[in-house]
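# quick one: sequence plus predicted model below, questions after.
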Amino acid sequence: MAEININNIIQISISAPAIGAKQVNLSTIALITDEQSDNVIDYAIYKTATGIANDFGVDSKIYKQAVAIFSQAPNILTNNGYVVAVPMLPSVTIDATAGYGLTNDINLQNFREVTDGSVTITQNGSNTVDLIDLNFTACKTTEAVAALINNALQDTATAGTATTEAISVETLALISDGCFTIAVDGGTATEITDLDFSSAVDLDDVAAVINAKITGATCASNGTGLTFRSNTKGEDSSVEITAGTTGTDISTEFGTITETQGEAAIGVTCEVYDLNQLKFTSTTTGNASSVLVSSNTTGTDLTADVYLGTLAYIQGQAAYTGRERLMDAIIRTRAQLYYHCVIPCLTLGDDEIIAASNYIETETMMLTIADNDLTCCDDGNLFSRIKNKSNHKTRCFAYFSDDIQDARNMASAYMGRGLCVNFEGSGTTLSMQLKALTTIEPDPNITETLFQKAKKVGADLYCSIYGVNSAISNGANEFFDNVYNDNWLYVALQVAGFNALRYANTKIPQTNIGVDALVTAYKQVLEQGVRNGAFAPGEWTLTFPFGDPELFAQNVRTFGYYVYPEPLAAQSQQSRDSREAPFISMAVKRAGAMHTSAVVVYINN
């Protein structure tokens, strides 16, 4: 019997669900050491200290710190964490690097509303320029924003000039065969002849006569005299005026001529980094290489949070040969696998620590530094420098034992206990204040003076209080748990936003329904932050609510957060053409923690 295919009647398509991005594990620690193992090349992952003992030996520094991490209860294994052992390369040769400043993700829509942007750029601590009147309204991409700023940076080059003293137009008007000699940009001197000023009535007329004869430069009135300006800019740009011999030499009427050599543009470039960030980089390398982006209020100040915001700065490094440096080891291995926290297992110089600390501020990471020096918390010393830089992601630990390894063990134990949070749980976030650290003895040399110094710089401690061994969490450089929770929030929002766009089988339309879908994804993260205890309902005490002020206060008071997408009707056409979602503002109220208590008792006899 002849048959037709059933596909003519019924058509079936099965669409498998899209695979989204996964949340990174924030309960992961890299122990970076100068110790070597035949079994470990770039790195190795461990779930127990025993594995590290097998590879590095029980007398190794990295093993002792791994014991401190895994001995805590709970510890990073509670959230399926792990330890990464990273042996530093014993010998490397690294080229000199340039200093740079890195923004967070910028909001293109905010930039497009700026017609008079201004900002001050400083290279290498001394070379400073002001960029003003930056108009971003035509910028449709982040690349266009970077290009506009970069062009403004290159336009800071100046031209060489030669400026006369005051000139008498009446005297020049008597000359019909004037001459002088000009050399532009160091080139061959050219005599300019047959200059007829008999019709000149002002300096503009005089300049017009000269401009008709010279090339490579221009002449203009400066009010009392003349200014000759090279047509080129940069260090080779110059103008030299000398006497002429064929006719009446008018250089004698110029008086003393002030020559100014042109200057190169400031040695800073601007480029896009990681899709939506801007990177300002010095064109020089070495230890003195740096960039600073600072406020300029001539127009719209681009250092405001809604534009460039606060940048993370990395100082340049000189060429280097020797043991791999901490920052280089992090960069090398983080390209191969993820880890959240870095704990060194060796003594490092302050500058090497500061360089790594600055780098960590550009990433969603934490750096742990321990010291046993009695002066480490003094003004101007390491922990004070880190605090003054507001490098909150670098956590400092003071433990004044005679052995630096004891301090590293204490810090490792602290992080092993503190980084145990499963942010998907309920009431799981924690403060490290007064927590006990297994295997760690209280600081044997702590004094009230050292305690107060540590408190001032935000260094955490492990002390005996009334015979109870307790961690002390200080907040002068932000509290540990706030930094940890903020890192989670950043990553969780990023993943949620990506997956909301990724899971759409067709598309998320640029309509209110589409905006609601994206907002819902972000709200789910904030709701989880309330469940895990990072955030909580409360009163908003800052002075800059956005959106509807009444709804803002009500939402924060009721839910602990407020999310406000800009109306689609207010979105620029450029943003719609680029298929960007409306800008979304969020406010969250931290749950905080109680670390101390003060009580007054009034007694009535």
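Nice, thanks for sending it over. What you see is a predicted model, and the numbers here were worked out from it, not measured in a lab.

# how many residues are close by the closest residue in space to Ser357 that isn't next to it in sequence?
Nearest residue to Ser357 in three dimensions, chain neighbours excluded: Thr394, at 4.2 Å (Cβ to Cβ, 6 or more residues apart in numbering). All C-beta atoms are positioned from the backbone trio N, CA, C, and that covers glycine. Using other Cβ atoms under 10 Å, Thr394 is surrounded by 26 other residues.

# buried residues in the helix or strand of the chain with the lowest mean pLDDT?
In the chain, the helix or strand scored least confidently by mean pLDDT, DSSP states H and E is helix 573-577, which has a mean of 82. Under the neighbour-count criterion of 16 or more other Cβ atoms under 10 Å, helix 573-577 has Gln574, Ser575 buried.

# likewise stretch 251-266?
So stretch 251-266, judged by 16+ other Cβ under 10 Å, has buried residues Ser251, Glu253, Phe254, Ile257, Thr260, Gln261, Gly262, Glu263, Ala264, Ala265, Ile266.

# now, the most widely separated pair of those?
Pairwise distances across the buried residues of stretch 251-266 (Cβ to Cβ) peak at 36.9 Å, for the pair Glu253 and Ile266.

# now do the strands in the stretch 201-350 of the chain.
217-221, 226-230, 239-242, 248-249, 258-260, 268-273, 277-282, 291-294, 300-301, 312-314, 320-322, 341-344 (DSSP state E, counting those that start in this stretch).

# check which strands are paired with the fourth one and give the direction for each one.
Right, strand 248-249. As defined by DSSP bridges, the strand partners of strand 248-249 come to strand 178-184 (parallel).

# what separates whichever helix or strand comes after the strand it pairs with from the chain centre, distance-wise?
As assigned by DSSP states H and E, the chain's next helix or strand after strand 178-184 is strand 190-195. Taking Cα atoms, centre = their mean, to the nearest Å, one finds strand 190-195 lying 56 Å from the centre of the chain it belongs to.

# Ala68 and Gly416: what is the separation?
As judged by Cβ to Cβ, to the nearest Å, Ala68 and Gly416 stand 6 Å apart.

# same question but for Gly475, I mixed them up
Going from Gly475 to Gly416 by Cβ to Cβ gives 21 Å.

# looking at the two, which is more packed in?
Gly416 (31 against 16).

# buried set for the host helix or strand of the more buried one?
Taking DSSP H and E as the definition, Gly416 sits inside helix 404-418. Of all the residues in helix 404-418, those buried under the rule 16+ other Cβ under 10 Å are 404, 406-418.

# helix or strand right after it?
For helix 404-418, the following helix or strand on the C-terminal side (DSSP H and E) is helix 448-457.

# report all helices and strands that that next one contacts.
Counting contacts by 3 or more Cβ pairs under 8 Å, 6 or more residues apart in numbering; DSSP states H and E, helix 448-457 is packed against helix 382-388, strand 394-398, strand 461-465.

# what pLDDT, on average, does the first one get?
It refers to helix 382-388. Average pLDDT, helix 382-388: 97.

# for that helix, packing partners?
helix 350-360, strand 366-371, strand 394-398, helix 448-457.
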